[in-house]
Each structure stands twice: as C-alpha cells, then as structure tokens.
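**Student:** here are the coordinates; sequence isn't available:
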Ligand SMILES: Nc1ncnc2c1ncn2[C@@H]1O[C@H](COP(=O)(O)OP(=O)(O)OP(=O)(O)O)[C@@H](O)[C@H]1O
Ligand SMILES: Nc1ncnc2c1ncn2[C@@H]1O[C@H](COP(=O)(O)OP(=O)(O)OP(=O)(O)O)[C@@H](O)[C@H]1O
Ligand SMILES: [Mg+2]
Ligand SMILES: [Mg+2]
C-alpha cells in the first residue's frame, strides 16, 4: 500500500496529473505481472492542491490513517518543504519525483527524490551550447515567483559565473504571465548570442513564439522545465536550435523509454512528459526495493525495512540508469537521497528533441 | 526599443481593458464585484475552442459560441443566484462570495470536461499576418485586439450615454428603487446586463486565448486581480475608466519592466495605483458622492 | 361616480413587524384624495405597496377594474400608477433633462412626450433653465419640482404623492399645492400623503386618517377639516 | 454675549458662490432660527460651524474660541451638536446604542477596565445607559429602545436623531429642519422640548421651513437669501418685512401658513 | 485511546489550521467592524510569519518573544500605511490595501533574507494546540469586551455613518487606525503561529487569493457577532477535508455548498438578529398553546 500525494486540482494540477498517470501506469504494469512477491500494489491517491497545509494534511492522513508504506509526492517543492518534516518525523519515506529545489533532501534521512538536480545537468548543457554556438554573452529570463524556476535560475547563475560568461540582462516573469514582450524587447536590445531560460514548458513555448515575433533570433538554452513535448505544440518551429539537458526525452531510443512512451500514449491518449517519466521510474525503484524486503505486516518495521532497502536500488528505467546519492543535512549529518544520473544533451531539430552528438 | 515597448504596452493595456469592460459593467449596474468574470472569460475560450475543433466550424462561429455560452452562463448565475440574493436584500459582499462559489464550480467543471492541461487552437485558424514597421513588430491579432477593445468601449459608452436603455441602466446604477418607480423593468435589465457583461467577457477570453494560443481552466485567474485593479483605478462602473485604467496598467507594467526591472513590474504598477488612489480616492473617473448633510 | 382604485384589506409587513394591518379605501376618478396620519402610521408603506415595491401580505388592489395585486413595479407603472416617493428619489448623477426623459420611459408616443415636456416646463419654468444640470446639484425645492415633473412625464392616470411639501420653503409649498390643484383640474387622479394636513384636506375631495396601520376615519375633506378630533390631533388646535 | 459668532463668512464650491459675507451672532440661552428659500445656503452654514466644511473667508468662534482648524469631533466636544436635514442615523444599531454613541466622549474608563469589566467600567456604562434611556423617553421612543433604527418611520427617525444630539450634552444645539415630516401634535411636543432645553440655559440654533413653528418658538430669526443675510430680528419684524415676504414667505395663502 | 492518538496525529495540523484561520477571520472582523474593507490582512499575516520565522531561525529568540514580535511588526507597518490609506472608503480602500499586499508580496519574493520564492524552510515546530487555543480565546474575549465598550460602539457607528459619528465627538481617523492596527496584530499572530506549525512559509501564501479567502470566511460566517467569523473559518477549513471522499468532484461540491449557504443564509451562517427572531417566534408559539 503506497500513498500518492499530488496536486490534482488547482494551478499545480498541470504537473500533478501527469505524475499521477505515471504512477498509475507503473502500478498497473507491476500488478499485471503478478505484483511484488505475490502482493498487489495498492495506490492511495490524494489531492494536495499544491497548498502546503493540504500537503501536510494529506501526508498525515496517509501515514496515520491509511498506514501506507511510503509516500510519493508532493508535486511542488514548496509543499515538500512543509510535508517532508512530517514524514521524516514519522519515519516514513517521502519520495519526491518533481521537487528540484535546493535543500529538499537536506531535511532528513527519510526524504528521497529521483528528480534530477539542475546542478548536475546545467553545467554540461551550458558548456555544450556555448561551444556549439560560440556564445560570448547571454541574456537570462526566469520565473521569479516559483521555487522550481527560481532554483533553476540560481544554478544557471552560478554556472555562468563559473564559466565566466557575461550576462547582458536578467529578466523575470511571474506564474500565469502570458505576455513576455516587454522583457523580450529589452533582451533584444541587448543583442545576446543566446537566451538562457529557466521556466516551464508552457511558458517557454510562449516565450519562444513571442521572441520570434519580435524578430529576436538568438537560440534558447533551457533547464529541466523545457523537457516536455508540450514545448512543440505551441512553439512549432520557434524553438529550433534550443539546447536542453536532461536524463529523459520522449525521443530517447532506449527500449525502456520507448516502452514507457508507447504505453503511456496508449493508456492516456497523450504524450508523456518528464514528470510522468520520473513518476513511472520512481515506482519502479520503489518496487525494486520492496522486492528485496520481506513484508512482515507490521507497518513500522516494514516502513523501516523499505527505508533501508531504497538507497541500494539501482535500475535502468525510462530516464536511463539510476541510483541514489546521499546528501548532507544542515546539521552536517547524512540526510536524504538525491538522484545520481548522467544527463544527456538534446537539441531541438524539426520540432523534436534530438540527442546532441557534437555536430 | 521604445517604440516596440509602447506597442507592447498598448496591446497589453487593451487586453486588460477588454477584460475589464464586462467586469466594470456588472460592477456599475449590479454593484457586485463579480469574481466569476474570470470564469466567463475562460468559458468563452473553451466554447470557441470546442466549436472550432470538434465541429470544425469557422472562427466567426467560434466567436458567436463564445458570446452565447459565456452570456448564458452569466445569465444563469444572475437568475439562479444573484437575483435571489437581491430579493433577500443580502448585505454587501455576500453576492461576491456567491460568485467565488460559482467560479469554483465552473473551473472544476472545465477541468473535468477538458482536463487540466493547456489546450490550443488549430494552427490553420490563427491569423499569422505580421506587420513590421522599422524595428517594430506587430501581429494582426494584436491589432485586432486593440481595435476591438476600442470599438467595444466606444459602442458601449455611446449606448449608455445616449439611448433609452442606457439612461435606464444609469438610473438603476444609482437607485434600483427609484428606477422601478419610473417603470423600468429593473430585474429584466439586471439580467440583460449580466448576459452582456458575461458575453463581453467571453469574447475577451477568446481573443486573448487566441493571441497567446493557450486555453486552460484557470486562465481567468491571473488576469482577475489585474481586472479589479483596472476597474477600481478607472472608477467603478465607468466605461472610460476601464479603457484608461487598462491602458494605464499596461503602460505602467511594460515601461517599468523595460526601464526599471522586470522583477518590479507588478510592484511598480500596484505601487502607482496605490499612489493614484491616495490622490484620487474614487479612481480616475469616479466622483466622490458625499451625501449632503 | 367611478372608482379608479379600490384597495381591499391591504396588509403589509416588514419581516415580523406589521406596518399596515388591513386598510381599505377607494379613489374616485379625477379627484384628489388625502391620506393623513401620525408618524409611523403606515402611509408610506401603503403607497410603496400600491406601487409594487413592497409585496402585500394580504388584501387586493384593483385598478380600473383590473386586479393588480402583486404585479412588479414596472408593470404597475405601465398601467398608469406613478409615485413621487418620500425623499424624492431623484437620480442625482443624471441631468435634469435625463431625469425627465426617464419619466417617460414607458411611453412610445414621441409627440405626446414632447407635449408633456412642454407642459412640465410650463408648470415649472425653473426646470427649463436647468435642463443640463446634474439633478444632485439642485436645491431641495428644485428637486421636489423635478420629482413631480418627472412623474407627470409618464402621463399617469393616478399620481401617488408622498409628502411633496416636506422641507420646502413656504413660498414653494404654496407653489406645489397650486400646481396640484392645477394638474388635478386637467383630470388627473391624485392620492396625497401629507403632514401639512390643513392644506391637504383643503384641496382634497375625500380624506382617510390612518393610525397604526388601520384606517380610523374616512370622510370628505371639508368635514374632516371641521372634525374636532382632527383639529386636535393633526391641526394643532 | 453671543455664544456663536459667525463673522464675514464666505463659501464657494468651485465657481459657485454659496455664501457671501455672512454675519450671525447666536446668543446663548435663546432659540435662534435661520430661514430662507431652498438652496439659500442654510445647511452650508451648519456644515461650516461643525467643521465639516472649511470657510473660504471669514471666521467662526464658539464661546470666544476660534474654530478654524479644529477637527469636527473636537468641535462636538466643545459643546456643539447637530442633527441632519437628511437624517443620518446608525441604521443597524439599536435606538439605545444610537444614543449611547452620542455619549462617547462623556463615558471614560481605561482599556483595562473595559477588558476586565471592572467596576469603573460598569458604573460608567450604566450611567451612560440610564441617561440614554432617559433621553429616549423624552422623545417617547423608549419602548423601542432595543429595536434597530432602520425600523423607524421618518418622523420617529427625526426624534431619535434629536435624542442622539442631546446625548452629547451640548451647549449649543444645531437643528436642521427638526420638524420636517412631523405632524402638528408631534411638532408641539418637540416645540415644548426645545423650549425646555433653552430654559436650561442651552443655546438652540435651528433651520426650519415651518413658519408656525419658527414664529411661535424663536427668540430671534435671521433670513438668508442667495447666500446673503437679508434680514435679522424678532419674529414679528421678520414676518412683516416686505423683502422677506417677497423672497421667502410669499403673499398667497398667508393665512394658511401663518397662525 | 489509540484511536484518539491516531486521530490527533492525522488531524492535528487541520485543527491548528482551523484555529489560525479563526484568528484571521477575527482580525478581519475587527477591521470590518469599523467599516474598513481591508485586503491587507493576508499581507499582515505574511509580515508576522516572516518576522517570527526569521527571529527563530537566525536569532533563536524564545517563542513567546517571537510571537510578540510577529504581532508587533505588522502593527507597526499598519500604523505607517494606515494614516494615508484609511481616507479611502469601500472598494477603493480594498484596492489600496490589495495594492499594498501585492507590493509587499513582490518585495518578499525578491529579497535575499526571505528566501525569495523558495521561502523559508526548516522552521521548527513550536506551536502547540494550547498556544492557539489560548491566543484564540484571549482574542475572542478581548473582542467581546471591546464590542461592549465605547470603542466598539464607536467602531460600529463609524461603519454605519462616518459623518454622523464625527458629529458625535468620535475621532474617526484615530479609531480607524486603531481598528486597522489591532487587526494587523491579530493577523500577525496568526502568521507567526502558522509559520511555526507548518515548517515552511513562502510568499505565495499571502497573496490576493488568501486575502479573499479570509474575507470569505468572515463574511460567510456572518459579521453580526464574533461567533460568525469563527464558525465561517471552521467550516470553510474543514469542508474540503470532509469532502475528500468525493475526489474529483470535491471542489465543485465545495463551490456548490458555498453558493447554497449564501442563498439560504444571506446574512451569513450566524446572524444574531435572525436567531433572536427565531427564538422569539418559537417562544411566542410555545406560549400561544400552553
Ligand atoms: N424598512 C422598514 N423595516 C422595518 N420596519 C419599517 C420599515 N419602514 C417602516 N417601518 C415601520 O413601519 C411602520 C410604518 O412606517 P411608514 O414609513 O409607512 O410610516 P408613515 O406613516 O409614512 O410615517 P411618516 O409620517 O413618519 O413618514 C413604522 O412603525 C415603522 O417603524
Ligand atoms: N458640496 C457641494 N458642492 C456643490 N454645490 C453645493 C454643495 N453643497 C451645497 N451646494 C449648493 O449650495 C447651495 C446651498 O445649499 P444648502 O444645502 O446650504 O441649501 P439650504 O439653504 O440648506 O437649502 P434647503 O432649504 O433646500 O435645504 C445649493 O445651491 C447647493 O446646490
Ligand atoms: Mg412616510
Ligand atoms: Mg438645507
């Protein structure tokens, strides 16, 4: 019995719903194969609305009432900051699949995530793009009222400092904005070689279209958030030449991924995105851990056993080879676990992510 | 760069003005802060989208569908909820809370019907003409939005100022009781206003959905409090106020993003609004109606 | 003798408070009828109920033979019952001219409306000078003229007046009463609620006295004026 | 000595000159009436005295103290109370509460006393309530003390406003058309009440269109026409002044208007 | 006993939230009782929350002092912005306070010390049930006393008619500022308590939606007495949780209930006048047939 706490209504539902779908898909597949050591997986899905109080309430309900073995979620980093300590105190694993903010896993040893840390990905992305486009200076734009895009920006900023690339201007927008022309006009006036953007696919796509509409031709370099086929629905060809680094892309040809993409499309009639892929993999990881332990029926001991088994798991899923890496808490003690994955660099060609091979 | 920014400000301002038009109408006539106006906006977009994608109807039919569906929703909210609250002399702000409830219901319904993800209009429908004047780029759709915003404003303004119904509406706005004694069908005009305002909201939603090619159940929310700002800045219920308030907010936002810092765009816009209210306590066009002692 | 309006056992309540507890009276066509009584007797309440702004709890109102109980205000106005309410109900944010135009809201005959306007300007020349002014800027007396003029614009068959002389200077009070007599002479039926009881009864054919929601006396205007009880209570000796 | 002196006061709203060089001396312990046609500027005079408006010219002094720049609530505390032509009650409050509000500055106790309902608080509140009930009984509204003010008829509302103004224990009472909408027996009651007030040494300054009331009650009358004082004197003088008759009283049915 | 332990473990945060929302609703009730439609209370809550959290995290102040600071900081801000703003009335005041709230939120979003959009995390759990109960009870008692004092009457008079209140010798500006500031104190307390019961705070919790939520709780509960806001806060906080079994339809049903309440109880859930009338009617009926 596993708890799923994701935002299924409200503004964050755009992410929460695909994540839920990813879990559901993985669970159905596992159960269709006879479950884990003969036990079927039961998902207890709750809506946390992307609000911190709701996330805490849902966590508590899952832990104390439904007595689940572990919890996946919540959707937003902000909610994890509120709900994580609850799980940690109750000695229940909280496994985030979409929380990228700094400091998540530092909250305690029961906090896990398989969402890639931007700090692992972006240096490579930037270096590759700079080399390819012979970039001398860049402009930056990011969403500044959202923990996800802001922490992406923080990493970009550090990377740019480390690689000594001058920034012509730094612009921001807020969630729900649809008109970025003011910022883009300003960016255009500074004439950068590329635009670095930490944003979600929806906003990024609109940004690209509006940039081209204003005659701004510099290529984009994006973070994690770009990684969704949604990007092309709007941007069409406006995103050509964009560099994105990620362990996952819908076009990644590994069999595990192609199976996932096909199965997802068949079940939900839509293209999966990275959030769904990470959720799918996360459940696969948990299943691997569960397989390695003996379920005793006592919730507390089973939870502890699961907690012990999880860090040892290493799989190769839709997002490629995966293992955990332990982080260090604020107090200097070993804390939770982050993903340890090698990113790939993709470039957008003809409205598709193409693995960048140096050409 | 300045020319382009001015054009950007004009289009953004027109978007705000267009949204606020119906909002301010309801505000002025029914004295209700109708927080479901964002939902009307959303409903218009979805109605047009459905007609256009499912029935393969041309865009013009989509516009009609947007007006009709939003208008009827607005009518329903008025007839089923607001009308009863008026009859019961519900205190101030209670109708506003009812419209919050209506919004929740409508957005949930939209999420159930259409899913939570962003929907798009089919490409072939999007007018893609673009005009380039020197360094200034404008899309045809943006010009259309500016044009329609000004056109609707002017029409509505003239109707209110110079027709029998317009006079009646202004009478109701001041005192429904006095209006009733003049033989004005107050309830009928309330319903008509709700319909018109919602239909205007629907058209605004459609145009803006088209412009940014993004339709979601929650698309009405971010613009809602900008809309409130516009309406109050302009002066409650004043059509000119909606236009000038919208343009003001558009310009304040764009220019502060362009010349100060984009982090502070909204802060500057709201800060200015705060200052303006201190100087003009009833908005740009509002008059303080102090009861005579 | 034909009755234009017949009120049968009309009762009106505000929530649990019974303000009018079953009054009956008739208005004779072409005559002025006065309704007098102490503060809180229920006079204004009665008028508001006749106009449909308050829903009667019980009773029936027949106008020109038709049952109009419970109709909406605008339907009642369309039948020709027009009220000048307590406090005048002037639309202050509209101009004088717009107020007058709205008075004729229910009418379609352009020529007739123009006629009525000319007549109102003839009765109140002051209004003609002020057509473009916001009604809210008029002085109290001017507002009262506007209210009456606006009611006449609807070309009513029955005019209901709630304390038209309140707050007016003596000169103006005389003016208003003179006007009332004049428009009545042209055939308009009037129901007049007044605290200026002496003058009201003097110009009225018939009078009713209301006390705590009930009709306690009904007679011709002249006999009521002579009635010692009335003299004591309402005319101040 | 006069209680209130208005000297050379002018007032304009934008381009509209409403008052011009108005001089009025209102004596203490007397009833003083200000009459004049509608729109002459009478209410404006009250608004200036109570500090709701600032004069464009001239000065106003109360008991020798210049009122310029003094906030309206402080003017009330100096001892000037008023009623409004358009009645401004607190409609959702009970009659008793309406009157008790008038005793705001006369009821004093510390925040701590209120927080813990100390005897000083209870004593002050009780006194305030008793006085309020007494005032309500003066205007014969004590039986409705616990109902809310919006349930009153027009005339009853006027009486409540009168009681509320008295609750501030004023030295000078400004009444703007106190008997408008009242019938004659009620007028008589109020007239008696106002006389009593005068006899207790209070000053009364009133605006009224009811000539019977004014002529029977007042010690002195001033007439305002188009923003200027055109006459001042004892009631008889005013009644017979041709200028006043022309501008205000009218000749027509004189017998009906005057007693 | 174990059932209770489980129940408490599951729902303690929910109950805390009820208490904190009740406090917020009371804070808005106070400002509304003086006729001020303020949308700044969410921002005041935020200022209280951030002040308190920063003091705990960086200076390790003791909790009671942290609470006091969380109450006083927004009060100081209220005093400063109150003087120019409170001249506005009705929706215009609402707008100005909303603008203030937005500017505050954006500042917090862009400051280093507040952690920007990522907010502050790792705030220790210091709020206990009795803190909330004690403060709520104290606030309720103080407001109940205030209502019966000259200050409460003055607030009410100002709400009904400002000019008339002025003519009664009431210092309108002073009282408005007092109501606004005291409201900020309560909102700040609520913020400080909230910060120390949810481990984490971020700017998005104090924006427009939250201001409207507080308003909804207060108005829906009914502002004719103190019970109304508390009741409104309780019901609106519990309702989503009670409806959890409806899954996808939860929010829609929540909205429908909101509409239904407003339609059938247009003066709010708790209207003392209506209750008095009901009791009165019931008594007369009982006495009618002995
Ligand atoms: N809106 C109201 N709500 C409740 N009760 C009311 C309301 N209006 C009037 N009443 C009550 O109804 C009764 C009749 O009031 P009404 O206004 O009809 O009296 P009236 O005869 O016109 O008196 P006046 O001469 O003072 O205008 C009064 O007792 C009054 O208290
Ligand atoms: N705030 C204002 N703005 C513009 N004009 C005003 C204002 N207040 C009053 N006036 C004008 O000043 C003049 C005098 O008004 P005031 O109310 O003092 O008259 P009044 O003598 O009390 O008349 P009434 O007997 O009808 O009450 C009127 O013409 C009025 O329209
Ligand atoms: Mg009356
Ligand atoms: Mg006056």
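**Tutor:** Ah, there it is. What you see is a predicted model, and the numbers here were worked out from it, not measured in a lab. Ligands and ions are numbered 1, 2, ... in the order given.
**Student:** Packing partners of the host helix or strand of residue B:190?
**Tutor:** According to DSSP states H and E, residue B:190 maps onto helix B:186-212. For helix B:186-212, the packing partners by 3 or more CB pairs under 8 Å, 6 or more residues apart in numbering or on different chains; DSSP states H and E come out as helix B:2-30, helix B:37-54, helix B:59-77, helix B:83-87, helix B:140-162, helix B:164-174, helix B:176-181, helix C:73-78. For the C-beta atoms, the positions are set from N, CA and C on the backbone; glycine is no exception.
**Student:** all helices for chain D, in order.
**Tutor:** D:42-49, D:72-78, D:95-102, D:111-115, D:119-138, D:154-167, D:184-199, D:211-217, D:235-240, D:242-244, D:254-257 (DSSP state H).
**Student:** Now residue 91: phi and psi?
**Tutor:** Looking at chain A here, since you left the chain open. phi 60, psi 50 (degrees, to the nearest 10).
**Student:** what about whichever residue of the stretch 51-200 of chain D sits closest to ligand 2, neighbour count?
**Tutor:** Residue nearest to ligand 2 within the stretch 51-200 of chain D: residue D:85 (5.6 Å; CB to the nearest ligand atom). Using other CB atoms under 10 Å in any protein chain shown, residue D:85 has 19 other residues around it.
**Student:** mind checking pLDDT for it?
**Tutor:** pLDDT for residue D:85: 84.
**Student:** same deal with residue E:288?
**Tutor:** Value for residue E:288, per-residue pLDDT: 51.
**Student:** what do you get for residue A:268?
**Tutor:** For residue A:268, pLDDT reads 87.
**Student:** Quick one: residues contacting it.
**Tutor:** A:21, A:25 (CB atoms under 8 Å, 6 or more residues apart in numbering or on different chains).
**Student:** pLDDT weak spots in the chain?
**Tutor:** Defaulting to chain A. Counting by pLDDT under 70, chain A has low-confidence residues at A:358-359.
**Student:** hm, I was asking about chain E
**Tutor:** E:1-2, E:283-290.
**Student:** re the thing from before, give me the buried positions along the helix holding residue B:190.
**Tutor:** B:186-187, B:189-212 (16 or more other CB atoms under 10 Å in any protein chain shown).
**Student:** Work out the gap between that helix and the centre of the chain.
**Tutor:** 7 Å (CA atoms, centre = their mean, to the nearest Å).
**Student:** following it, which helix or strand comes up?
**Tutor:** Using DSSP H and E, the helix or strand that follows helix B:186-212 in sequence is helix B:220-234.
**Student:** What residues does residue D:120 make contact with?
**Tutor:** Residue D:120 neighbours (CB under 8 Å, 6+ apart): D:109-110, D:113.
**Student:** circling back: write down the beta-bridge partners of the closest residue in space to the residue of the stretch 51-200 of chain D closest to ligand 2 that isn't next to it in sequence, one by one.
**Tutor:** Of all residues not flanking residue D:85 in the chain, residue D:176 sits nearest, at 4.2 Å (CB to CB, 6 or more residues apart in numbering or on different chains). On the basis of DSSP bridges, residue D:176 is bridged to residue D:207.
**Student:** tally of neighbours for residue D:176?
**Tutor:** With other CB under 10 Å as criterion, residue D:176 counts 24.
**Student:** picking up where we left off before, PyMOL command to pick out the buried ones of the contacts of residue D:120?
**Tutor:** Applying 16+ other CB under 10 Å to these, the buried members can be selected in PyMOL as follows:
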select buried, chain D and resi 109+113
